[in-house]
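Trainee: Build me a model:
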Amino acid sequence: MKKITIFDVVADCKALKNLIDEQTDEETGEAKELSEQERADFLSWINETEQNLETKFDNLYKVFRNFKAVADIAEAEKNALKAEVERLSKRAKARENDAGRVKGLIEFAMVNLGFKKYKTALFSVGFQATKKWARPVKGFFDPDLIPVEFLTRELSATAIDKAIADGRLYTKEDQYAQLFYLDKEGEEQTLKNVTYTGSEAMVIR
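Mentor: Numbering: from 1, shown residues only. Below is the predicted model of the structure:
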């Protein structure tokens, strides 16, 4: 005997709906007369389909609930490990800072004594050239003066959400997925090349 799946039940529900539509007169909207046998078969099919649907939903929910319980346990374990990782990370950072301060003392002594290298029976220390890299000048950096090929710019969803909350950006019911703002002259402008959309999410309780 073939096992009934949720796909079979959904197909039965749709077929049942189609049958109901067929038994309704399109012009008058009244139900067509059924024989006693047709009525009995029809009611039997409705009851069976409804029972199968409820059973399948219940079974699916049980599987969902089990998976969700395992996921919740895993999430709790992850959070516990995260707390331990954070504790160890803070400890490692503190010791790293301590080591950095001691290294700074050695560098201070080397620079002030004019040493390029120094060696003891335990260790050796010296200065060597490091790889150069570009850095913005603090207090003077202006991205508008830099060619775009040397910049990385990304859309900030957080800044947009804050602007909407502050009323600096807004939407219109007749303009789907568009955001608007007022320029310095008070003229309405569209935030170009940006869409503002959402979607529905199913919630199981």
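Trainee: elements contacting the longest helix along the chain?
Mentor: Looking across the chain with DSSP state H, the single longest helix is helix 36-113. Under the contact definition 3 or more Cβ pairs under 8 Å, 6 or more residues apart in numbering; DSSP states H and E, helix 36-113 sits against helix 6-22. Bear in mind the C-beta positions are built from the backbone N, C-alpha and C, glycine included.
Trainee: let's see it at 10 Å
Mentor: helix 6-22, strand 117-119, strand 124-126 (3 or more Cβ pairs under 10 Å, 6 or more residues apart in numbering; DSSP states H and E).
Trainee: so Arg168 touches Leu182, yeah?
Mentor: Yes: using Cβ atoms under 10 Å, Arg168 is in contact with Leu182, at 8.2 Å.
Trainee: Poorly predicted segments of the chain, please.
Mentor: Within the chain, the stretches with pLDDT under 70 are 1-2, 19-35, 38-39, 41-42, 200-205.
Trainee: what's the nearest residue to Ile4 if we skip its chain neighbours?
Mentor: Asn52 (6.0 Å; Cβ to Cβ, 6 or more residues apart in numbering).
Trainee: number of nearby residues for that neighbour?
Mentor: Look at Asn52: counted by other Cβ atoms under 10 Å, it has 17 neighbours.
Trainee: State the distance from it to Gly114.
Mentor: 89 Å (Cβ to Cβ, to the nearest Å).
Trainee: Likewise for Gly198?
Mentor: 65 Å.
Trainee: Equivalent analysis for Lys103, please.
Mentor: Per Cβ to Cβ, Lys103 is found 18 Å from Gly114.
Trainee: Settle it for me: which of the two has more neighbours?
Mentor: A side-by-side neighbour count of Lys103 and Gly114, using other Cβ under 10 Å, places Lys103 first with 11 against 6.
Trainee: The more buried one is in contact with Val125, isn't it?
Mentor: Yes: taking Cβ under 10 Å as the definition, Lys103 is a contact partner of Val125 at 9.2 Å.
Trainee: got a list of contacts for the longest strand anywhere in the chain?
Mentor: Using DSSP state E, we find that the single longest strand of the chain is strand 175-182. With Cβ atoms under 10 Å, 6 or more residues apart in numbering as the test, strand 175-182 has contacts from 160, 163-164, 167-172, 187-192, 194-198.
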